[in-house]
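>>> Have a look; sequence and predicted model below, questions after that.
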Amino acid sequence: MDNILLNTQLFHSLFKHAGCGIIVADAAGTIIYVNGVAQRQFAWPDSEFVHKQIGQFFPADFDNRYFAWEKNVATGTVPDGDGLVVSCISNGGHELILEVSISSICLSDIDFKVYYLSDLGDKQKTEESLIRLNAELEQKVQDRSHSIAFMVEQLSDQIKETQRKESALQRANNYLTNVWNFAGAIILVYDTAGVIQFVNPAAEKALGYTAAELIGLHTATMFHEEEELQKRSEEYGELLGRPIQPDFEVFVAANALGRNIDQEWQFVRSNGTKFFVSLSITGLKDLYNNVTGYLGIAIDITEKKKSEIELLAALRKEKELNELKSRFVSMASHEFRTPLSAVLSSAYLLSRYIKAEEQPQRDKHIQNIVSSVTSLTEILNDFLSVGKIEEGNINPHFTEFDVKELIEKIIKEVNHLLKENQTITYVHDGSDTVIYLDPSMLKHIIRNLLSNAIKFSTDESVVEVHSDKTGNIFTLCIKDYGIGIPESEHGNLFNIFFRSSYATNIQGTGLGLHIVKKYVELMGGNIDFKSAIGQGAEFTIKFNSKNKLI
């Protein structure tokens, strides 16, 4: 019988690899085979099992209980598939809780019973292990869920922060784009060598170049004059104690010296014209504070510079006028003293001549008074004229008049200034004597030149006056044979308050020739002179009778 079972390969494999305990008994209940699982369950070796009665290993009421269980299974009271649970004792005295199922088989007309034994303790342990593992898995899932939820929350916060930063960056980019495209200032970006990398539209418009003509092709120095760069390079080189090249190194040096902000420069446009700018060039740095390039911002200050120049000119003019007034006060106190003293003394002496036969003496002193008053009047007129000229408040009034008649009248008016035996000769060439000028200004010019010729000539000398009208050209020449003017002083002759070193003892204000030149220029003429020490002076004036400059 044993050989039948053992030689049955199917049962051998089944018994050997089964996951539960299996005991095979014959119809009489004698055990004929036990697999390894059953041996381990009962802790009995195979030799202790075989040939023993199956009832030795189960409770005494096992058969009755199993019969009742089978009946319950048949009626559906117990679910099919569940075995009978019994309590057994192992070889070591330990209680075994087994779930037992029995099946009957017939091999070679012999009946056998097969007992299938499942250790509920192992099952319980497995279930407990499964429960524990399931709980651990659920905890891990829960922990992982919390972790994922936290990560999702963090990721959500990061996404929101990134979106916020992107929004802020976009706003900043939009702002910078608007500044770049619509700013009125010239904006240029250079690399560390000064080569242009970016150019904004305002720079293209102001400089007359397109971005394509500049980027990567030229340095910042192309907008600057060499003389200005050279001057700054020398200045910065002296301050830094090392030579500075007159190129982009000038701006690098300016950064080193802290002179890179709002520096006044002249920019040169593509057409060669120039304009003033306030230029700032600052270094662009990376996270490690290394300079990676330079940013240049220039603001056109041409109008500001023009206003500044005009203001300085006005201040200079105001200063000159103030100086003129100061010098007038100083000179007036000196020049007025002599004629006023003459008037005072002549008036006093007049009061002493009361007899009829003393009339010649009275006439002499009256003439002195007239002469002194005339001198004072001329001085005052000169100062008034200079003031109007310097303030720009005087303009010629052109009209047609007979110049020959005017000159002859002026000669008669200055006769009282003639020294003893001095004479004035006058000749006019040409039949045309009508010219188109300002008679009042011309009268002042002639009177002043005649007064100087008389004053700086000796007794018994001749003053020559010559006029000519040829076509539209009118020429006036006044010549004397007096002390003359040193050649070294010719360049200053028409300057305000200038007096020759040879005329220190002769009364005068130094205003007359300055006024003469200004009047000649206002009427569109020019004046020239020739003079040498001891050879007198000759002044020649030319006008276009139609008021055109010669």
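That came through, no problem. Numbering: from 1, shown residues only.
>>> what's the single longest helix in the chain?
Ranked by number of residues, the top helix in the chain under DSSP state H is helix 120-182.
>>> got a list of contacts for the following helix or strand past it?
Moving toward the C-terminus from helix 120-182, the next helix or strand (DSSP states H and E) is strand 186-190. Defining contact as Cβ atoms under 8 Å, 6 or more residues apart in numbering, one finds that strand 186-190 is touched by 180, 196-200, 202-203, 206-207, 219-220, 248, 267, 277, 281, 284, 293-300. Every residue, glycine included, has its C-beta placed from N, CA and C.
>>> Now do the closest residue to residue 437 other than its chain neighbours: how many residues are near it, please.
Among residues not flanking residue 437 along the chain, residue 523 sits closest, at 5.4 Å (Cβ to Cβ, 6 or more residues apart in numbering). Using other Cβ atoms under 10 Å, residue 523 has 20 neighbouring residues.
>>> Just give the nearest non-adjacent residue to residue 543, would you?
Closest to residue 543 by Cβ to Cβ, 6+ apart is residue 525, at 4.0 Å.
>>> isn't that neighbour right up against residue 541?
Yes: counting by Cβ atoms under 8 Å, residue 525 does reach residue 541; the two are 5.8 Å apart.
>>> what helix or strand does the residue lying closest to residue 240 once chain neighbours are set aside sit in?
Closest residue in space to residue 240, ignoring its immediate chain neighbours: residue 253 at 6.1 Å, by Cβ to Cβ, 6+ apart. When elements are assigned from DSSP H and E, residue 253 belongs to helix 249-257.
>>> any idea of the angle the helix or strand following that helix forms with helix 249-257?
For helix 249-257, the following helix or strand on the C-terminal side (DSSP H and E) is strand 263-268. Relative orientation of strand 263-268 and helix 249-257, computed by axes from the mean of the first three to the mean of the last three Cα atoms, to 10 degrees: 170 degrees.
>>> Please list the outside residues in contact with the next helix or strand after strand 263-268.
The C-terminal neighbour of strand 263-268 among helices and strands, as given by DSSP H and E, is strand 274-285. With Cβ under 8 Å, 6+ apart as the test, strand 274-285 has contacts from 186, 189-190, 206, 220, 225, 251, 254-255, 260-269, 291-302, 304-305.
>>> returning to that earlier point: next, the angle from the longest helix of the chain to strand 186-190.
Using the same axes, to 10 degrees: helix 120-182 against strand 186-190 is 130 degrees.
>>> what about residue 313, distance to residue 156?
Going from residue 313 to residue 156 by Cβ to Cβ, to the nearest Å gives 70 Å.
>>> next one: residue 357
For residue 357, the distance to residue 156 - Cβ to Cβ - is 132 Å.
>>> now residue 424, which residues is it bridged with?
Going by DSSP bridges, residue 424 is paired in beta bridges with residue 463.
>>> my guess is it meets residue 466, correct?
No: contact between residue 424 and residue 466 fails when scored by Cβ under 8 Å: they sit 11.5 Å apart.
>>> Looking at these two, which has the bigger crowd around it?
residue 424 (20 against 17).
>>> OK, contacts around that one?
411, 414-415, 418, 450, 454, 462-465.
>>> mind checking how far it is from residue 34?
Separation of residue 424 from residue 34 (Cβ to Cβ) stands at 172 Å.
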